[in-house]
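[1] Task: produce atomic coordinates for the following.
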Amino acid sequence: MGTSTSRSAVSEIGADWEPVVATSKGTTLDVAVIGAGVAGLGAAWHLTKSSSPEDVRVTVFEPSDVAGGHAHTIDVEVDGGSKTVPVDTGFMVFNHQNYPNLVGLFKELGVEEESTDMSFAVSLDGGAFEWGSASVAALLARRTNALRPSFWRMLADMARFNREAPALLQLDDEDPRKAMTVGEYLRRNNYSAAFARYYLVPMAAALWSSSGAEVMGFSALTMISFFHNHSMLQVRLRALSAPLRVWVRSLLRAARACIAPA
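    Next up is the predicted model:
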């Protein structure tokens, strides 16, 4: 591929774009990166850094007006509009154990990381049902939870799920149970509707920015593997071991420094 890359262009995909295959020295290779999320911007940045414009020309195709995917920062007005506070939307945490390549990208871009605290909370039906994982007080955010049999069944199913779910990872690759969706896994193992609605679906929906219906169609193996790798199969929720964060705006500014608008 050569030793360097041209600067990238962010644009909508065009019907007249055709890749050029580099078959000999002096031929430029056109590379398309689909999506200007963190992964796409990171790929474009590395290509731009490691190749020359004569060898590789990179184009990033992004239908949205804003780069970054769900890594996005909005400015929220506070104190009557006298000042703004930057708020990162989406689920944006990581750790060194499970994200070595991402950590390497942050270091190369000079983006600083910081420790963060994580907990999980659910509010449904206009606040009629709420609970959180940070403390006993959060668990009983609605005192009426203590009177709900479905709430206690949810907690029992959480403990059972944390205990039993890793067994799916130990099955032989040919075992058909490894192909189950989340919905199939819950039905097959008799988990309650409360467990799905008040815990598992909100948790997965927050992690993958998905709807409840999409979560039930996820691969159970993939989801359980993620939970296992990130120390989430335990009574005390501690989503992502040693969680860290970066400021999304600084990350995107650094990554987009190599990209010229089309």
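[2] and the nearest residue to residue 188 once chain neighbours are set aside, how many neighbours does it have?
    Nearest residue to residue 188, sequence neighbours excluded (Cβ to Cβ, 6 or more residues apart in numbering): residue 180, at 6.8 Å. Backbone N, C-alpha and C define where each C-beta goes, glycine included. Applying other Cβ atoms under 10 Å, we find 18 residues neighbouring residue 180.
[3] ok, now how distant is residue 180 from residue 174?
    14 Å (Cβ to Cβ, to the nearest Å).
[4] Compute the distance from the centre of stretch 115-124 to the centre of its chain.
    Relative to its parent chain, stretch 115-124 has a centroid offset of 15 Å by Cα atoms, centre = their mean, to the nearest Å.
[5] Straight-line length of that stretch, end to end?
    29 Å (Cα to Cα, to the nearest Å).
[6] in that stretch, what's buried?
    120, 122 (16 or more other Cβ atoms under 10 Å).
[7] Break this protein into its domains for me.
    27-90+243-261, 121-236 (the TED database).
[8] For residue 97, which of the ones you listed is the nearest?
    Ranking those by their distance to residue 97 (criterion: Cβ to Cβ) puts domain 121-236 first, at 8.3 Å.
[9] Under the pLDDT cut-off, which ranges of the stretch 101-250 of the chain? List them.
    Confidence mapping of the stretch 101-250 of the chain against pLDDT under 70 gives the ranges 235-248.
[10] Can you show me the helices along it?
    136-139, 149-164, 182-188, 193-195, 201-208, 212-216, 220-229, 248-255 (DSSP state H, counting those that start in this stretch).
[11] Which other helices and strands does the fifth one contact?
    Going back to what we said before, that points to helix 201-208. Packing partners of helix 201-208 (3 or more Cβ pairs under 8 Å, 6 or more residues apart in numbering; DSSP states H and E): helix 212-216.
[12] Which positions within the helix it packs on qualify as buried?
    Buried-residue list, helix 212-216, by 16+ other Cβ under 10 Å: 215-216.
[13] cool, and stretch 127-147?
    129-133, 139, 141-142, 145.
[14] residues making contact with that stretch?
    Around stretch 127-147, the neighbours that count as contacts under Cβ atoms under 8 Å, 6 or more residues apart in numbering are 119-124, 151, 198, 236-237.
[15] Any chance you could give me that stretch in PDB, C-alpha atoms only?
    Output of stretch 127-147 as PDB, limited to C-alpha atoms (Å, rounded to 0.1, in the frame of the first residue of the first chain):
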ATOM      1  CA  GLY A 127     -40.800   7.600  36.600                       C
ATOM      2  CA  ALA A 128     -43.500   5.300  38.000                       C
ATOM      3  CA  PHE A 129     -40.800   2.500  38.200                       C
ATOM      4  CA  GLU A 130     -37.200   3.400  39.000                       C
ATOM      5  CA  TRP A 131     -34.200   1.700  40.500                       C
ATOM      6  CA  GLY A 132     -30.500   2.000  40.500                       C
ATOM      7  CA  SER A 133     -27.400   0.000  41.300                       C
ATOM      8  CA  ALA A 134     -25.300   2.700  43.200                       C
ATOM      9  CA  SER A 135     -26.700   2.000  46.700                       C
ATOM     10  CA  VAL A 136     -29.500   0.500  48.600                       C
ATOM     11  CA  ALA A 137     -31.200   3.800  48.500                       C
ATOM     12  CA  ALA A 138     -30.900   3.800  44.700                       C
ATOM     13  CA  LEU A 139     -32.200   0.200  44.500                       C
ATOM     14  CA  LEU A 140     -35.300   1.400  46.400                       C
ATOM     15  CA  ALA A 141     -35.600   4.700  44.600                       C
ATOM     16  CA  ARG A 142     -39.300   4.000  44.600                       C
ATOM     17  CA  ARG A 143     -40.200   2.700  48.000                       C
ATOM     18  CA  THR A 144     -43.100   0.800  46.400                       C
ATOM     19  CA  ASN A 145     -40.500  -1.500  44.800                       C
ATOM     20  CA  ALA A 146     -40.200  -3.400  48.100                       C
ATOM     21  CA  LEU A 147     -43.900  -4.300  47.700                       C
END
